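Undergrad: Predicted model and sequence below, questions to follow.
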2 protein chains.
Amino acid sequence: MDRVEGQLSQEHSEVLADLRTAWSVMSPDERVDALKLLPEDEAEEFFLALTGREQAQLLCCLPNLTKRTWLRLLPLDDAADVIQEAPLAARDELLKLLDDVSLKEVRALLAYAEDEAGGLMNPRFARLRPEMTVDEAILYLRKQAQQKDRPIYYCYVLDAEQKLKGVLSFRQLLTAPANKRIEEVMVQEVVTVAEDLDQEKIAPLFTSHTFVALPVVDAQGRMKGVVTAEDIVGVVQEEATEDIQKLAGIQALEAPYLATGFAAMVRKRAGWLAALFFGELLTIHAMQRFEAELDRIAMLAFFVPLILASGGNTGSQSSTLVIRALALGEVRIPDWWRVFRRELVVVGSLGAILGLIGLAYVLVSHLCGIDYTEEYLTFAVVIAGSLVGVMTFGGLLGTSLPFLLRLCRLDPATACSPFVATLSDVTGLLIYFTVATHLLRDKLL
Amino acid sequence: MDRVEGQLSQEHSEVLADLRTAWSVMSPDERVDALKLLPEDEAEEFFLALTGREQAQLLCCLPNLTKRTWLRLLPLDDAADVIQEAPLAARDELLKLLDDVSLKEVRALLAYAEDEAGGLMNPRFARLRPEMTVDEAILYLRKQAQQKDRPIYYCYVLDAEQKLKGVLSFRQLLTAPANKRIEEVMVQEVVTVAEDLDQEKIAPLFTSHTFVALPVVDAQGRMKGVVTAEDIVGVVQEEATEDIQKLAGIQALEAPYLATGFAAMVRKRAGWLAALFFGELLTIHAMQRFEAELDRIAMLAFFVPLILASGGNTGSQSSTLVIRALALGEVRIPDWWRVFRRELVVVGSLGAILGLIGLAYVLVSHLCGIDYTEEYLTFAVVIAGSLVGVMTFGGLLGTSLPFLLRLCRLDPATACSPFVATLSDVTGLLIYFTVATHLLRDKLL
């Protein structure tokens, strides 16, 4: 491929990228028309790159003949996803478009949950018997390989009961002495994935080993299919997006941003906002408890947003770090005490730094002729002390909540930043006004 | 492999997982001792699963002979990473441990930035000439393949100038007629990666195609190496972690949570906290402007945390959604107007929902005998109106900032939730007090 061709395909891929972006807001008819304008191979490439849901929507609008061709383009695991995403009424019709062998395999895949290893795997893979010779194996593969299938990177050695005995890469097979038996040259220690393993737990297997595909086995060790690293790239991205959205107090959207409808968008955001609102109502009562003090020193109120925001920000930092570390398995429940002590020291120090800045601010204001109270020195200490207290407490709240949620077998990402900030707002007000009334009582109140 | 073996390897992998978690807090000597206790193959597996930085730290503490064995275990791209992570003084020593051919290749890899395609790729791959026959090619590969290398999944067809002409999977090679020439059976349209492409942009190529490996080429179309999907799983996870940390106002940590030292942790968090603190100081001035009103109706202050938190939460939701959509390429700069309009309607509706809840709260309080002012009806309208205004403005701020940052070629994730919340605090106070003074002036002020 020379440079000119490279540039041409660059332009093509920009056209495809534009279409990809516009896709979610196009009507079904517009989509079908847009695809007709593309050369056949590009249309196929574009179709393969859509999500399962989008493929399902598109297939339902196509004429039957095209529908069959395109459905058969898909690897079987993706075909199963598409059928799962299609409306109930359309599923049987789509299943009928598959050939008999594929139909049986797709039906088996549909029995798995979408986010289990079994739901991600491709049920077709290259099988060898342990007693074959290397030469026989190569001949066998050359005879039975089907071009239409997804490329396969390893040969799996199964016994008569379909139990996985070993594995060989194509490269190892090619370079092995021709007369050796497969069981003599295969790798016997195989890293396997249980068929009901959650997809989140598969990614670490790929990051900690250098495999591009892993075999999926059932409880009896019988091989069911293959999960490839390239399936997992999408899973990792999806899971990260879900976590990021949850961290901001949004229920995970199931579709790309522009493809999510107005009603779904409001529904997925209003719940948390309303819950946080009810939590935040407690701040009104917290402030009411100190009505007398506020009446006498109104400028106590001036510093409320500053102090609460600092506590909330510190809490978000801690909860985000702990939630991500838990998600990646860098930290586990038994580590909670170590993490808690670490965060105590870190957020205490951060509180001290901002406390000093707050102290300096009140003193510099005094030098500039702005006095919030006559007792500016005591007031400076109130601000500094409150910042240390509120930030330390906020940080520890953010550290503990994810562990507590994980302990209750809930998703730690539910301890989203706004939730931690709300809790820290309520407690922060109590800390601030308690410090203020104790230090200023004798002098001003 | 039968079930019993499966369970045994399960236990083994738990021992390894425990060691993995404890690793970051162990001293160099403890690490070397811990590895000595493991069987050789498990120690190797464990070593391979460490990050480049950890591998570098470990290698520096090992005796020279072991150092050489372990360094040579690594695929060349990982070896280059390790050498990059080692202290400057140790680099030459490590380079000397490589054999001549590897040394040359590793030096070439070291010239790439770590986060470019060139820095991720493995420079060893299977090459074929277009004029070979299929049989010759298979013989050639069987002769030259080196077992120690990372398994390779495709054969790349290069001309005499090393320009990439086509590609063949091992499976396609095995199933092709023996007498055909390679150029007749190879796939000519190859998806390639430019050597200086940022690693973030490689992931979409794997999610939108079903390849487990992609060839890396230079500006002249000469092939330089191979990037595999399994390299990208780690990259995607790293990038997501960085984004999640930035969203919470933390500079991306370069190491796992427990491996990040106290000083680095404070440094990476204090900067944003202090910057946000200075921003939040503006809230004091905003409240001071309304000192007279606050003096007369102190309970105006009671609702400040509630209203500011609602604005901040809405802003975080919007900015998070837009930042993630931009990162995944679901949304691009030209879409800003479409996104802006969508968010205007969504956050306006969310504001209306919470406004109604706020209105109901003041009215129910009145029925329960708690009156914040005598003019409880007007006050209820003030709260509802402020919520609509503050939340709409907060949401639009969260929508616009990521686009502006992207337009200035900065990372949109810098528009982190706390930053949006701080801006929305300052403007929120102005909105709230302006609404309040206008509606309540005639009646109370």
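TA: Perfect, thanks for sending it. Since the structure is predicted, the reported quantities are computational estimates derived from the model, not experimental observations.
Undergrad: Tell me if stretch A:326-339 is near chain B.
TA: Yes: using Cβ under 8 Å from any Cβ of the partner chain as the criterion, contacts between stretch A:326-339 and chain B involve A:Leu328, A:Gly329, A:Glu330, A:Val331, A:Arg332, A:Asp335, A:Arg338, A:Val339. Yep, even glycine has a C-beta here, placed from its N, CA and C like the rest.
Undergrad: And chain A, split by domain according to the record?
TA: For chain A, the domain assignment from automatic domain parsing gives the residue ranges A:3-114, A:126-234, A:257-444.
Undergrad: Whichever strand or helix holds A:Val382: which residues count as buried?
TA: According to DSSP states H and E, A:Val382 maps onto helix A:376-407. Neighbour-count burial for helix A:376-407, counted by 16 or more other Cβ atoms under 10 Å in any protein chain shown, picks out A:376, A:378-403, A:405-406.
Undergrad: Show me which residues of the stretch 51-200 of chain A sit near chain B.
TA: That would be A:75, A:126, A:138, A:141-142, A:145, A:147, A:150-154, A:163-166, A:169-172, A:174-175, A:188-190, A:192, which are the residues of the stretch 51-200 of chain A within reach of chain B (Cβ under 8 Å from any Cβ).
Undergrad: what about A:Asp218, how many neighbours?
TA: By the measure other Cβ atoms under 10 Å in any protein chain shown, the count of residues near A:Asp218 is 15.
Undergrad: I'd like the next helix or strand past the helix or strand of chain A with the lowest mean pLDDT.
TA: Ranked by mean pLDDT, DSSP states H and E, the helix or strand of chain A with the weakest confidence is helix A:3-23, at a mean of 59. The C-terminal neighbour of helix A:3-23 among helices and strands, as given by DSSP H and E, is helix A:28-37.
Undergrad: next SSE after that next one?
TA: helix A:40-49.
Undergrad: Is there a neighbour count for A:Phe125? I'd like the number.
TA: The number of residues packed near A:Phe125 is 21, by other Cβ under 10 Å.
Undergrad: just to confirm, which helix or strand has the closest residue to it other than its chain neighbours in it?
TA: With Cβ to Cβ, 6 or more residues apart in numbering or on different chains as the measure, A:Val226 is the residue that lies nearest to A:Phe125, at 4.6 Å, once sequence neighbours are left out. Of the helices and strands defined by DSSP H and E, A:Val226 is found in strand A:223-228.
Undergrad: Identify the residues contacting that strand?
TA: A:77, A:117-118, A:120-125, A:127, A:150, A:152-154, A:156, A:158, A:162-164, A:193, A:195, A:202, A:212-218, B:212, B:229 (Cβ atoms under 8 Å, 6 or more residues apart in numbering or on different chains).
Undergrad: in it, what's buried?
TA: With burial defined by 16+ other Cβ under 10 Å, the residues of strand A:223-228 counted as buried are A:Met223, A:Lys224, A:Gly225, A:Val226, A:Val227, A:Thr228.
Undergrad: can you put the residues you listed in a markdown table and add pLDDT?
TA: What follows is these, written out as a markdown table (pLDDT from 0 to 100):
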| residue | pLDDT |
| --- | --- |
| A:Met223 | 90 |
| A:Lys224 | 88 |
| A:Gly225 | 88 |
| A:Val226 | 88 |
| A:Val227 | 88 |
| A:Thr228 | 84 |
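Undergrad: Name whatever forms a beta bridge with the residue nearest to A:Phe125.
TA: A:Asn122, A:Pro215 (DSSP bridges).
Undergrad: For chain B, see how far away it is.
TA: 11 Å (Cβ to the nearest Cβ, to the nearest Å).
Undergrad: which of the buried residues of strand A:223-228 lies closest to chain B?
TA: When the buried residues of strand A:223-228 are compared for distance to chain B (Cβ to the nearest Cβ), A:Thr228 comes out closest, at 5.8 Å.
Undergrad: Quick test: name the residue nearest the centre of chain A.
TA: By Cα atoms, centre = their mean, the mean C-alpha position of chain A lies nearest to A:Glu239, the distance being 1.7 Å.
Undergrad: In the stretch 51-200 of chain A, mark out all the strands, start to finish.
TA: A:126-128, A:154-158, A:164-169, A:193-194 (DSSP state E, counting those that start in this stretch).
Undergrad: The first one: which residues count as buried?
TA: In this case it means strand A:126-128. Buried residues in strand A:126-128, defined by neighbour count with 16+ other Cβ under 10 Å: A:Ala126, A:Leu128.
Undergrad: Name every strand pairing with it and say which way it goes.
TA: strand A:154-158 (parallel).
Undergrad: From the rest of the structure, what touches the strand it pairs with?
TA: Strand A:154-158 is contacted from outside by A:125-130, A:137, A:141, A:164-170, A:173, A:182-183, A:186, A:213, A:215, A:223, A:226, B:151, using Cβ under 8 Å, 6+ apart.
Undergrad: That strand vs strand A:164-169, what angle?
TA: With axes from the mean of the first three to the mean of the last three Cα atoms, to 10 degrees as the basis, strand A:154-158 and strand A:164-169 are set at 160 degrees to each other.
Undergrad: number of nearby residues for the nearest residue to A:Ala108 once chain neighbours are set aside?
TA: For A:Ala108, ignoring the flanking residues on the chain, the nearest one in space by Cβ to Cβ, 6+ apart is A:Pro123 at 6.6 Å. A:Pro123 has 20 neighbouring residues, counting by other Cβ under 10 Å.
Undergrad: What is the helix holding A:Val382 packed up against?
TA: Helix A:376-407 is packed against helix A:304-327, helix A:336-367, helix A:417-444, with contacts defined by 3 or more Cβ pairs under 8 Å, 6 or more residues apart in numbering or on different chains; DSSP states H and E.
Undergrad: Compare the mean pLDDT across those and name the weakest.
TA: When the helices and strands packed on helix A:376-407 are ranked by mean pLDDT, helix A:417-444 comes last with a mean of 87.
Undergrad: Which positions within it qualify as buried?
TA: Across helix A:417-444, burial judged by 16+ other Cβ under 10 Å covers A:417-433, A:435-437, A:439-440, A:444.
Undergrad: ok, which of those residues also contact chain B?
TA: Among these, the ones lying near chain B by Cβ under 8 Å from any Cβ are A:Ser417, A:Pro418, A:Ala421, A:Thr422, A:Asp425, A:Leu429.
Undergrad: sorry, back to before: filter the residues of the stretch 51-200 of chain A next to chain B down to the buried ones, ChimeraX style.
TA: Here is the ChimeraX selection string for the buried members of those, based on 16+ other Cβ under 10 Å:
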select /A:75,126,138,141,142,145,150,151,152,153,154,163,164,165,166,169,170,171,172,174,175,190,192
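Undergrad: part of a helix, is A:Ala219?
TA: No: when DSSP: H, G, I helix; E, B strand; the rest coil is applied, A:Ala219 is found to be coil, with no helix at that position.
Undergrad: ok, how many other residues are close to it?
TA: Counted with other Cβ under 10 Å, the neighbours of A:Ala219 add up to 10.
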